[in-house]
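> Predicted model and sequence follow; I will ask about them next.
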Amino acid sequence: MVTAFILAGGKSTRMGEDKALMAGGVERIVGLAKSIGIERVVTLCGSERRKHMFSGEVWPDPPSSTSLMDVLYWSLDQVVGTVQFIPCDAFMLEKEGLLALIDSKGGVPFDGQGNRQPLLSNCPDGWTPKMDAKSIQEMFSTLPDVNLGSLERQMQNFNQPFPKKNQPSGR
């Protein structure tokens, strides 16, 4: 079984607005995951006060977490089977890109600029992240690279505001 974790707990301070609500928001990603047959989709919402913002299965961060790495380690411990992480700012992700990630059977994709995107990792059943990691990149360093060719553009994430005319549309 595949569990998709949508990462929607950030403050989006560099973006200037809540990324979880932009370009179709988390609801678009939930629909995308369900459309390709992912049975369990969990939104990791951050603080308890954000839980009401999302529908479906929504988990606040555990009280002991102090970083995104803590939340990632914790979430991997909560489920059995394959895990697909999807950040809420995966505005360009479409059905064929998500299918390619699932079909990779484990790995970290590159975006269109050649950057490894660990927050879009596909973590196969039985895989364990690097436990003494100092960064998210290092945490996922034992997963192989996934080269998606022309689909790499879908692996882009967004951390800076972009002009309204270039804002990705929700599909």
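Yes, it's here. Numbers count the residues shown, from 1 in each chain.
> just the helices in this structure please.
Counting by DSSP state H, the chain has helices at residues 25-35, 68-78, 95-103, 136-139.
> which one of those helices lies closest to E57?
Closest to E57 of those is helix 25-35 (C-beta to C-beta; 9.4 Å). The way it works is simple: take the backbone N, C-alpha and C, and place the C-beta from them, glycine included.
> tell me the mean pLDDT for the closest one?
Across helix 25-35, pLDDT averages out at 92.
> residue nearest the centroid of the chain?
I86 (1.7 Å; C-alpha atoms, centre = their mean).
> which residues does that one bridge with?
Beta-bridge pairing for I86 (DSSP bridges): I6.
> taking the helices of the chain together, which one is wrapped up most tightly?
Counting by mean count of other C-beta atoms under 10 Å, helix 25-35 has the highest mean neighbour count of these, with a mean of 19.
> Next, the angle from that one to helix 95-103.
If you take axes from the mean of the first three to the mean of the last three C-alpha atoms, to 10 degrees, helix 25-35 sits at 60 degrees to helix 95-103.
> returning to that earlier point: nearest to M53, out of the helices of the chain?
Proximity to M53 (C-beta to C-beta) singles out helix 25-35 among the helices of the chain, at 8.0 Å.
> Extract the C-alpha trace of that closest one and format it as CSV.
The C-alpha coordinates for helix 25-35 follow below in CSV (Å, rounded to 0.1, in the frame of the first residue of the first chain):
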residue,chain,number,x,y,z
GLY,A,25,-3.9,24.0,-2.7
VAL,A,26,-3.7,20.8,-0.8
GLU,A,27,-7.1,19.8,-2.2
ARG,A,28,-5.6,19.7,-5.7
ILE,A,29,-2.8,17.4,-4.6
VAL,A,30,-5.2,15.1,-2.6
GLY,A,31,-7.3,14.8,-5.8
LEU,A,32,-4.3,14.1,-7.9
ALA,A,33,-3.1,11.3,-5.5
LYS,A,34,-6.5,9.7,-5.4
SER,A,35,-6.9,9.9,-9.2
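> Show me what it packs onto, helices and strands only.
Contacts defined by 3 or more C-beta pairs under 8 Å, 6 or more residues apart in numbering; DSSP states H and E place helix 25-35 against strand 2-7, strand 40-46, strand 82-87, helix 95-103.
> Kindly calculate the angle that it makes with strand 2-7.
Using the same axes, to 10 degrees: helix 25-35 against strand 2-7 is 170 degrees.
> Tell me the bridge partners for the nearest residue to S47 once chain neighbours are set aside.
Leaving aside its sequence neighbours, S47 sits nearest to P60 (C-beta to C-beta, 6 or more residues apart in numbering; 6.1 Å). When assigned by DSSP bridges, P60 has beta-bridge partners G46.
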